[in-house]
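Trainee: Got a sequence here, can you build the structure:
(chains A and B)
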Amino acid sequence: MFRIEKRISARGGSASGGKEYLGRVGEIKTSHGIIKTPAFSVVGTKATVKALTPEQVKDLGAEVVLANTYHLYLEPGDKIVKSAGGLGKFMNWDGPTITDSGGFQVFSLGSGFDSDVSKINNQTNDVDELAKKIYKNEEFLQKGSIKIKEEGVEFKSHIDGSPHFFTPEKSIEIQHNIGADIIFAFDECTSPNNSEKYLEEAMNRTHRWADRCLIHHKKLNFDLRKSASDPRPSAIYGIVQGGNNEKLRKESAKTIGAMDFNGFGIGGSFEKNDIDKSLVWINSILPEEKSRHLLGIGEPIDLFIGVENGIDTFDCVAPTRIARNGTMYTTSGKINILNAKYKNDFSKLDENCDCYTCSSRHGGASYTKAYLSHLFRSKEMLGATLASIHNLYFIVNLVKKMRQSILDDTFFEFKRDFLGKYLKGEKY
RNA sequence: GUCAUCGUAGCUCAAUUGGUAGAGCGCUCGUUUGUGGAACGAGUGGUUGCGGAUUCGAAUUCCGUCGAUGACC
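Mentor: So this is what the prediction gives:
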């Protein structure tokens, strides 16, 4: 299902310094179309890209949508999605789809709950402070609102508090009902505040779960081929864990990489400034002929790091989430449209952007910062829509440009030019 | 004109029998990386209409004054 077209040239220009690079351009074939990689998958957790119609999502250039197992299981229920004809039909998206397994919710509703940790660790290096956090975190895991067991994970619904039990088999079953083209193995997404001992324990559990997911997935696909007149079996990706630990990351890549998955997800937490190191550890080990998805990463600088180091697909809520809250990407960095200076600024959001929000190519005047400022200040829904279109276009297109630059042998020049402007001279 | 009620942050309002002024919204700034997030955090902001009096101490009691609202002449 995955084909590599071209690799970042090791000899390509002085910027590469003759180093070997893992980055590549390729294609993933799904039964709902081809994903040209590297590609950014937009996130539509509950079978909708928040604030946008599927037509708008398509128009801004998105190729693939990622939805979430846990959320769709809770509402409206995976059986309803199945009855609707699957995720794509249900939400009126005819392109490729992915579902995440619910493994991230083990983190976000578990040790990440009610705390300010995210999967990117950008916090203190103070050893005592870290020790305190690790202690607090593991205390929480003992008595928190989720319980992690060998068999699976006990959840409490964030909607009504009702109890639910997810096993690897259950997650795969739900994902088959939802019916995305690519599904993920059920894993445990760990926190940056987990101790090494816990990371290892969780990683080994994730590996055992990966095995169970694969077996159950094959069984369901086998049944599907026998019964359906138009079988469209999904592909399954295994997930590499191991946190920010070199030994564990390598071990996980080796173990998961050796299993019979169609591709791989790279999950868990990262150190903000060391994402590239982790990716080199992992992607040097994963079989290169299979595709790799970096879960939940989507800041421009991180996307460059991912593409350079062999990531084929990404997904991230950042573009849509920050858009709804008034932050927008521009070629010269992020701006908060709610800042006072934009009230009277009648310039375009981004002079260099061709999206619906910024460009007059769409049959009218482009929207001004002053207008967007007004929409956000008065909490008008259109603000979220225009900002989401812009941010998604910005990110989806950025990755497309990276793809083209690899084809043109200008990846490093493009990276230098883009980040030079985006970070306004800051070091990267 | 008379009587009543009321004047507290930009706005709407709090403040136990007098103990030295708070909230929500707004405003300013920040955060957001497999969506518990159209969310969250921080900051700014008042000689309590004005002038007196009583008291150790007044947004709170008393007198005067200005203003608002209502009722009645």
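
Trainee: Could you report the distance from A:Thr69 to A:Asp350?
Mentor: Counting by Cβ to Cβ, to the nearest Å, the gap between A:Thr69 and A:Asp350 amounts to 35 Å. (C-beta placed from N, C-alpha, C; glycine too.)

Trainee: Comparing these two, which shows the higher neighbour count?
Mentor: Neighbours per residue (other Cβ atoms under 10 Å) separate A:Thr69 from A:Asp350, with A:Thr69 holding more: 29 against 22.

Trainee: Got the confidence number for the more buried one?
Mentor: Here the pLDDT value assigned to A:Thr69 is 98.

Trainee: which stretches of the stretch 301-428 of chain A form helices?
Mentor: Secondary structure of the stretch 301-428 of chain A by DSSP state H, counting those that start in this stretch: the helices cover A:318-324, A:369-377, A:381-407, A:411-422.

Trainee: chain center to the second one: distance?
Mentor: Relative to its parent chain, helix A:369-377 has a centroid offset of 29 Å by Cα atoms, centre = their mean, to the nearest Å.

Trainee: got it, and stretch A:331-349?
Mentor: Relative to the centre of its chain, stretch A:331-349 is centred 27 Å away, using Cα atoms, centre = their mean.

Trainee: what's next to that stretch, contact-wise?
Mentor: A:322, A:326-328, A:330, A:350-353, A:357-358, A:366-370, A:372-374, A:376-377, A:383, A:387, A:390, A:418, A:421-424 (Cβ atoms under 8 Å, 6 or more residues apart in numbering).

Trainee: Write the PyMOL selection for whichever of these are buried.
Mentor: In PyMOL, this line selects whichever of the contacts of stretch A:331-349 come out buried by 16 or more other Cβ atoms under 10 Å:
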select buried, chain A and resi 322+326+327+328+330+350+353+357+358+366+367+368+369+372+373+376+383+387+390+418+422
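
Trainee: quick revisit: for A:Lys147, which of the helices of the stretch 301-428 of chain A is the nearest?
Mentor: Taking Cβ to Cβ, helix A:318-324 is the member of the helices of the stretch 301-428 of chain A nearest to A:Lys147, at 28.3 Å.

Trainee: Surely A:Lys218 is within a strand?
Mentor: No. Checked against DSSP: H, G, I helix; E, B strand; the rest coil, A:Lys218 lies outside a strand; its state is helix.

Trainee: still on that earlier bit, can you redo the helices of the stretch 301-428 of chain A as JSON lines, where the extra columns are distance to RNA strand B?
Mentor: As requested, these are exported to JSON lines (distance: least, Cβ to the nearest atom of the strand, whole Å):
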{"stretch": "helix A:318-324", "distance to RNA strand B": "3"}
{"stretch": "helix A:369-377", "distance to RNA strand B": "5"}
{"stretch": "helix A:381-407", "distance to RNA strand B": "5"}
{"stretch": "helix A:411-422", "distance to RNA strand B": "13"}
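
Trainee: Mean pLDDT for those helices - can I get that in TSV?
Mentor: As requested, the helices of the stretch 301-428 of chain A are exported to TSV (pLDDT from 0 to 100):
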stretch	mean pLDDT
helix A:318-324	98
helix A:369-377	97
helix A:381-407	98
helix A:411-422	96
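
Trainee: Include distance to A:Asn344 when you put those into CSV, please.
Mentor: Putting the helices of the stretch 301-428 of chain A into CSV (distance: least, Cβ to Cβ, whole Å) gives the following:
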stretch, distance to A:Asn344
helix A:318-324, 22
helix A:369-377, 6
helix A:381-407, 17
helix A:411-422, 25
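
Trainee: low-confidence ranges in the stretch 51-200 of chain A?
Mentor: Applying pLDDT under 70 to the stretch 51-200 of chain A flags residues A:123-144.

Trainee: all helices in it, in order from the N-terminus.
Mentor: For the stretch 51-200 of chain A, applying DSSP H, counting those that start in this stretch gives helices covering A:54-59, A:69-74, A:78-83, A:87-91, A:103-106, A:127-143, A:168-178, A:196-227.

Trainee: follow-up on the earlier one: quick one: closest of the helices of the stretch 301-428 of chain A to A:Phe304.
Mentor: So among those, helix A:411-422 is nearest, using Cβ to Cβ, at 5.1 Å.

Trainee: Buried ones in that closest one, by neighbour count?
Mentor: Residues A:Phe411, A:Phe412, A:Phe414, A:Lys415, A:Phe418, A:Leu419, A:Tyr422 are the ones in helix A:411-422 that count as buried (16+ other Cβ under 10 Å).

Trainee: quick one, phi psi at the residue in chain A sticking out farthest from the centre?
Mentor: Ranked by distance from the centre of chain A (Cα atoms, centre = their mean), the top residue is A:Asn344, with 35.8 Å. Dihedral angles of A:Asn344 (phi, psi; degrees, to the nearest 10) stand at phi -110, psi 20.

Trainee: One more: A:Phe40?
Mentor: Backbone torsions of A:Phe40, given as degrees, to the nearest 10, read phi -100, psi 120.

Trainee: Between the two ends of stretch A:359-379, what distance do you get?
Mentor: Taking Cα to Cα, to the nearest Å, stretch A:359-379 runs 23 Å from one end to the other.

Trainee: what's the answer for stretch A:326-335, then?
Mentor: Here the two ends of stretch A:326-335 are set 8 Å apart, with distance taken as Cα to Cα.

Trainee: Can it be said to contact RNA strand B?
Mentor: Yes. Stretch A:326-335 lies within reach of RNA strand B by Cβ under 7 Å from any atom of the strand, at A:Gly326, A:Thr327.

Trainee: near RNA strand B, which residues of the stretch 51-200 of chain A?
Mentor: Contact residues (Cβ under 7 Å from any atom of the strand) of the stretch 51-200 of chain A with RNA strand B: A:66, A:68, A:70-71, A:100-101, A:103-105, A:107-109, A:112-114, A:118-120, A:122, A:158, A:184, A:187, A:189.

Trainee: what about the closest residue to RNA strand B within the stretch 251-400 of chain A, neighbour count?
Mentor: Closest contact between the stretch 251-400 of chain A and RNA strand B, by Cβ to the nearest atom of the strand, is at A:Gly296 (2.1 Å). Neighbour count for A:Gly296, taken as other Cβ under 10 Å: 24.

Trainee: Noted, bye for now.
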